[in-house]
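>>> build me a structure from this.
(2 chains)
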Amino acid sequence: MIQLKDIYRDFQVGDQTVRALDNINLNISQGEYISVMGPSGSGKSTLLNIIALLDHPTSGQYLFNHQDVTKLDDNALAKIRRENIGFVFQFFHLIPRLTAAENIEIPMILAGINRQERQQRVMQAVASVGLSDRAKHLPEQLSGGQRQRVAIARATIMRPAILLADEPTGNLDSHSGIEIIELLEILNKQGMLLIIITHDHHLGKRAQRQIHIVDGKINLEK
Amino acid sequence: MTVSDTFFQAFLAIRAQILRASLIVLAMSIGIASVTILTALGESARRYIVNEFQSLGTNLVIVLPGRTETTGGQPPLFGETPRDLTLDDATALLRSRYIAAIAPINIGSAPVSALGLERETTILGSTASLRRVRHLSLAEGRFLPEIESEKSLPVCVIGQTIKNQIFIQQKALGQWLRINDRRFRVIGILASEGESIGVDFDEIVVIPVASAQALFNTESLFRILVEAKSKSAMYKAVTDIGKIIKARHEGEQDITIITQDSVIGAFDEILTALTLTVASIAGISLAVAGVLVMNVMLVSVAQRTSEIGLLKALGASERQLIELFLAEAAMLCLAGAVLGVLVGQFSISFLQILYPEFPLSIPGWALLAALLVSLTTGLIFGVLPARKAAKLDPVLALAKR
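Residues are numbered from 1 along each chain as shown, chains lettered A, B, ... in the order given. Predicted coordinates:
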């Protein structure tokens, strides 16, 4: 599903070039559960951004469903993201002025799905993350764990094949962290490809495939 | 993303920043209100003047003694002429086949008295045709009889004010009115007309032109009012008048001919230009409002950077982001325009109460233009911030909190 070949990503910092990704080769198939671990600044997030089509590699080839996506324009990439990729962020990234239900609705609004179907799917999604009674609450009225559940509902509302989570538990206490990971694992069992970036080795070890990145290189894979 | 969704999301974003939004709306509405009010004032002034001139008569040509000099001195001056415009000149004009009627006019001031009351007023000497040419209507009695203009007759037609002041609560018709040392019988009373280009027919006494000549001891006429047979005949009539007078005045065309059309046209042009100028000056405030819109939208983009990054990550295209921010700018500007039009309409109604004689109203095109201009301003000044939002790098935008 995802094939990365000889991926390099350089950043220009002042007059120095920093190599964030150094010759990454990776094949990921549908339905896998992958954790990406490594120290800060090792390039985990850059790798995730490139997989997510938010960032472009400096060189190398990226095949997404056998299609070379390094040459696509922003609108085509936006469409692929909309239809195939769900995001869960460390800082939730909920829009503060919108209720939980409205936040979950946004990807469907962008996709142009009609109001009735949206309402219906939002109801289901809210129920599936156990927040039916909180649907009309604003993010500031929810706890961290609840906010992340809303974010997961938003990430999965378009039924994407891929779910990317960048430190999804980084801002949560350990109890709600475990809850969130379990929720993500349920989605993975339903067939969704799950990639989690984490600092926490304990959480990382739950994945079938564990990738360690140091200095932009994959140095260990289990 | 459907249009209604775009506008609804933009509305939610506006609602989240209500103070800032209301400030933009205020700025925009001040601009729109000033443009509509000033346009309404200018436009109403134009219509008022044009109506005044139109109510003078139809296809009217005015002949004045003396000619506008275009050389020497400070133009335009009315050149001196040794030859007066006489009653014979006036009668001679009827030879033109383009002229339907003429009314020679002689004017002067004299004391009028009856029943022991006296006042000074304007005496207007003319013929029966004056009624037709100036579209006068009578409240009681009849107008001057159809007699040869050289014949004097001791009859008069009086205005409403004269009737009320001299014949207080008495029947004026059939009474004698003394003008200077002559007596005239009141045969008609003019209907109240209100003031029209400086002549107040309510304060006037009309007598036969020959009687006025005798009263003021002068042969010369103040002016001649000519009604042409039709609008197209008006310019031929002007040529004829020139020819006839020239033949009678030893080859000298020492008169000035004014057509109603040219007067109306001149005023129309001047006042239209004035209206447009004033409206454009007010338009500057719209440009200022536009810059404000841009400023606020830029702040809005800066504050919502991470939200924009999120939308991009969720699959919003550049176009969708541009549409979202433009919709926001457009809604703010439209709200400003609607408020501005309301404020304008309200102020105009208020002015109308203060000055009921002056016909005030905002022309329909001005309302439409106000809405269009504000919308265009909003979109033009909204494009830059919207593009800025659409071009943000999603990774950097998401990293910002």
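>>> the helix or strand hosting B:Ala335: how far from the chain's middle?
Assigned by DSSP states H and E, B:Ala335 falls within helix B:318-354. For helix B:318-354, the separation from the chain centroid amounts to 28 Å (computed by Cα atoms, centre = their mean, to the nearest Å).
>>> next, see if that helix gets close to chain A.
Yes: counting by Cβ under 8 Å from any Cβ of the partner chain, chain A is contacted by helix B:318-354 at B:318-320. (C-beta placed from N, C-alpha, C; glycine too.)
>>> who wins for neighbours among these?
B:Gln320 (22 neighbours; other Cβ atoms under 10 Å in any protein chain shown).
>>> I'd guessed that one sits against B:Met1; true?
Yes: B:Gln320 is in contact with B:Met1 according to Cβ atoms under 8 Å; the separation is 5.2 Å.
>>> please enumerate the strands of chain A.
A:2-13, A:16-28, A:33-37, A:59-64, A:67-68, A:85-88, A:162-166, A:193-198, A:209-214, A:217-221 (DSSP state E).
>>> now the last one: buried residues?
Residues of strand A:217-221 classed as buried: A:217-218 (neighbour count, 16 or more other Cβ atoms under 10 Å in any protein chain shown).
>>> ok, which of the strands of chain A comes nearest chain B?
Between chain B and these, the shortest gap by Cβ to the nearest Cβ is with strand A:85-88, which sits at 5.2 Å.
>>> the closest one pairs with which strands, parallel or anti?
strand A:162-166 (parallel) (DSSP bridges).
>>> just give me how far the strand it pairs with sits from the chain centre.
In this view, strand A:162-166 has its centroid 2 Å away from the chain centroid, taken as Cα atoms, centre = their mean.
>>> how about stretch B:282-292?
28 Å.
>>> same check, this time on stretch B:308-324
Here stretch B:308-324 is found 52 Å from its chain centre; the criterion is Cα atoms, centre = their mean.
>>> number of nearby residues for whatever residue of chain A ends up closest to chain B?
Residue nearest to chain B within chain A: A:Arg82 (2.5 Å; Cβ to the nearest Cβ). Under the neighbour criterion other Cβ under 10 Å, A:Arg82 is assigned a count of 21.
>>> quick check: phi and psi at the nearest residue to A:Asp10 once chain neighbours are set aside.
Take A:Asp10 and drop its neighbours on the chain: the residue closest to it by Cβ to Cβ, 6 or more residues apart in numbering or on different chains is A:Thr58, 4.6 Å away. The phi and psi values for A:Thr58, taken as degrees, to the nearest 10, are phi -70, psi -40.
>>> what about the most centrally placed residue in chain B, which helix or strand?
Taking Cα atoms, centre = their mean, the centroid of chain B lies closest to B:Arg46, which sits 1.9 Å from it. For B:Arg46, the element it lies in under DSSP H and E is helix B:18-55.
>>> that helix vs helix B:318-354, what angle?
Angle of helix B:18-55 versus helix B:318-354, following axes from the mean of the first three to the mean of the last three Cα atoms, to 10 degrees, is 50 degrees.
>>> which strands and helices sit next to helix B:18-55?
helix B:260-303, helix B:318-354, helix B:364-391 (3 or more Cβ pairs under 8 Å, 6 or more residues apart in numbering or on different chains; DSSP states H and E).
>>> what about residue 151, how many neighbours?
By default, I'm working from chain A. With other Cβ under 10 Å as criterion, A:Ala151 counts 27.
>>> to clarify, I was referring to chain B.
So B:Lys151, with other Cβ under 10 Å, has 11 neighbours.
>>> ditto for B:Ser280
B:Ser280, neighbours per other Cβ under 10 Å, totals 12.
>>> related to what we said a few turns ago, what mean pLDDT does the helix holding B:Arg46 get?
Helix B:18-55 shows a mean pLDDT of 84.
>>> what about the nearest residue in space to the residue nearest to the centre of chain B that is not next to it in sequence, neighbour count?
Once flanking residues are discounted, B:Arg46 sits nearest to B:Leu271: 3.7 Å by Cβ to Cβ, 6+ apart. The tally of other residues near B:Leu271 (other Cβ under 10 Å) stands at 19.
>>> please apply the same query to A:Lys136.
Neighbours of A:Lys136 (other Cβ under 10 Å): 11.
>>> tell me who's in contact with it.
By Cβ atoms under 8 Å, 6 or more residues apart in numbering or on different chains, the contact list for A:Lys136 reads A:99-101.
>>> so how far is B:Asp5 from it?
Separation of A:Lys136 from B:Asp5 (Cβ to Cβ, to the nearest Å) stands at 19 Å.
>>> the helix holding B:Arg46 vs helix B:364-391, what angle?
150 degrees.
>>> contacts only, for B:Met1.
Contacts for B:Met1 (Cβ under 8 Å, 6+ apart) come out as A:109-112, B:316, B:320, B:323.
>>> give me the buried subset of those.
A:109-111, B:316, B:320, B:323.
>>> how many residues are close by residue 222?
I'll assume chain A. For A:Lys222, the neighbour count with other Cβ under 10 Å is 11.
>>> could you do chain B instead?
Neighbour tally, B:Phe222, other Cβ under 10 Å: 17.
>>> if we ignore the residues flanking it in sequence, what's nearest it?
B:Ile107 is the one closest to B:Phe222 (Cβ to Cβ, 6+ apart), at 4.5 Å.
>>> for chain A, see how far away the one you found is.
76 Å (Cβ to the nearest Cβ, to the nearest Å).
>>> and that residue, bridged to which residues?
For B:Ile107, the beta-bridge partners are B:Leu124 (DSSP bridges).
>>> buried ones in stretch A:89-100?
Those would be A:89-95, A:97-100, for stretch A:89-100 by 16+ other Cβ under 10 Å.
>>> is that stretch up against chain B anywhere?
Yes: for stretch A:89-100, a contact with chain B is found by Cβ under 8 Å from any Cβ, at A:89, A:91, A:93, A:95-98.
>>> so what touches that stretch?
Counting by Cβ under 8 Å, 6+ apart, A:87, A:102-103, A:106, A:126, A:131, A:134-140, A:142, A:144, A:146-148, A:150-151, A:154, A:166-168, A:170-171, B:12-13, B:15-16, B:306-307, B:309-310, B:313, B:398, B:401 sit against stretch A:89-100.
>>> if we use 6 Å, what do you get?
The contact list for stretch A:89-100 (Cβ atoms under 6 Å, 6 or more residues apart in numbering or on different chains) reads A:103, A:134-139, A:147-148, A:150-151, A:166-167, A:170-171, B:16, B:307, B:310, B:401.
>>> list, one by one, the residues from chain A near chain B.
Neighbours of chain B within chain A, by Cβ under 6 Å from any Cβ of the partner chain: A:49, A:54-55, A:74-75, A:78, A:81-82, A:87, A:91, A:93, A:95, A:97, A:107, A:109-110, A:112.
>>> now with 7 Å, please.
Residues of chain A that fall close to chain B, judged by Cβ under 7 Å from any Cβ of the partner chain: A:49, A:54-55, A:74-75, A:78-79, A:81-82, A:87, A:91, A:93, A:95, A:97-98, A:106-107, A:109-110, A:112.
>>> and the gap between the spatially closest residue to A:Gly60 that is not a sequence neighbour and B:Leu371?
Spatial nearest neighbour of A:Gly60, chain neighbours left out: A:Ile7 (3.6 Å); criterion: Cβ to Cβ, 6+ apart. For A:Ile7, the distance to B:Leu371 (Cβ to Cβ) stands at 53 Å.
>>> show me which of these two is the more surrounded one.
Neighbours per residue, other Cβ under 10 Å: of A:Ile7 and B:Leu371, the larger number sits with A:Ile7, 23 against 17.
>>> I figured the more buried one hits A:Thr58, correct?
No: A:Ile7 is beyond contact range of A:Thr58, at 8.5 Å (criterion: Cβ atoms under 7 Å).
>>> which one of the contacts of B:Met1 is nearest A:Gln119?
Nearest to A:Gln119 among these, counting by Cβ to Cβ, is A:Ile109 at 11.8 Å.
>>> cool, thanks, talk later.
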